[in-house]
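Q: I'd like to go over a predicted model; first the sequence, then the structure.
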Amino acid sequence: MIGYVTLGTNDLDRAAKFYDAIAAELGVGRFMEMDSFIAWGVPGGGAGIGLTKPFDGAAASVGNGVMVALEAKDKAQVDRIYKLAMDMGAKDEGAPGPRGDSFYAAYFRDPDGNKLNAFVMG
């Protein structure tokens with residue numbers, strides 16, 4: 001149902017390095033790029049993620065209660081994504097581990113403060 005998710009950034013170059021690393025681990029790359037916008041994913045594939053400087057020119061801010069979940073292929077990939085994020089300056093919001101019986105996830109914030117998680121079911 002979701003086509004893509006867009007998050008705001010105040011420093012597109014810094015944020016792009018962060019998302020380039022995470023996207024590479026997930027096996028995708030950039031598929032759209034403009035002066036103020038970059039998107040990662042596969043055209044016609046699953047939902048992608050975009051970063052943009054806000055169109056209205058105001059500073060980007062984080063939505064309280066908003067989170068983007070990145071589906072990993074297995075627990076080891078969740079762990080790798082979390083480590084990549086931490087190595088690139090992300091803020092820890094919950095180390096990798098089980099949440100309930102069938103959900104394994106790690107939570108972190110990107111350099112702009114947007115909350116993400118990497119997860120796998122099962």
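A: Right, received. Where do you want to start? Remember, predicted model here, so these are calculated numbers, not experimental data.
Q: Poorly predicted segments of this protein, please.
A: The chain contains residues with pLDDT under 70 at 1.
Q: repeat that for 80
A: For the chain, residues meeting the criterion pLDDT under 80 lie at 1-3.
Q: how much space between the residue of it most remote from its centre and residue 19?
A: Farthest-out residue of the chain from its mean C-alpha position, per Cα atoms, centre = their mean: residue 101, at 24.2 Å. From residue 101 across to residue 19, the span is 31 Å (Cβ to Cβ, to the nearest Å). Using the backbone N, CA and C atoms, a C-beta is placed for each residue, glycine as well.
Q: mind listing the helices for this structure?
A: Using DSSP state H, the helices found in the chain span residues 12-25, 75-87.
Q: Turn these into JSON lines, including distance to residue 122.
A: Formatted as JSON lines, these follow (distance: least, Cβ to Cβ, whole Å):
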{"stretch": "helix 12-25", "distance to residue 122": "19"}
{"stretch": "helix 75-87", "distance to residue 122": "9"}
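Q: got TSV for these, with mean neighbour count and distance to residue 2 too?
A: Output for those, formatted as TSV (neighbours: other Cβ atoms under 10 Å; distance: least, Cβ to Cβ, whole Å):
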stretch	mean neighbour count	distance to residue 2
helix 12-25	17	17
helix 75-87	18	19
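Q: Out of those, which is closest to residue 96?
A: helix 75-87 (4.9 Å; Cβ to Cβ).
Q: tilt between the closest one and helix 12-25?
A: 160 degrees (axes from the mean of the first three to the mean of the last three Cα atoms, to 10 degrees).
Q: Distance from the chain centre to helix 75-87, please.
A: Centroid separation for helix 75-87 versus its chain: 12 Å, with Cα atoms, centre = their mean, to the nearest Å.
Q: Nice, that's everything, thank you.
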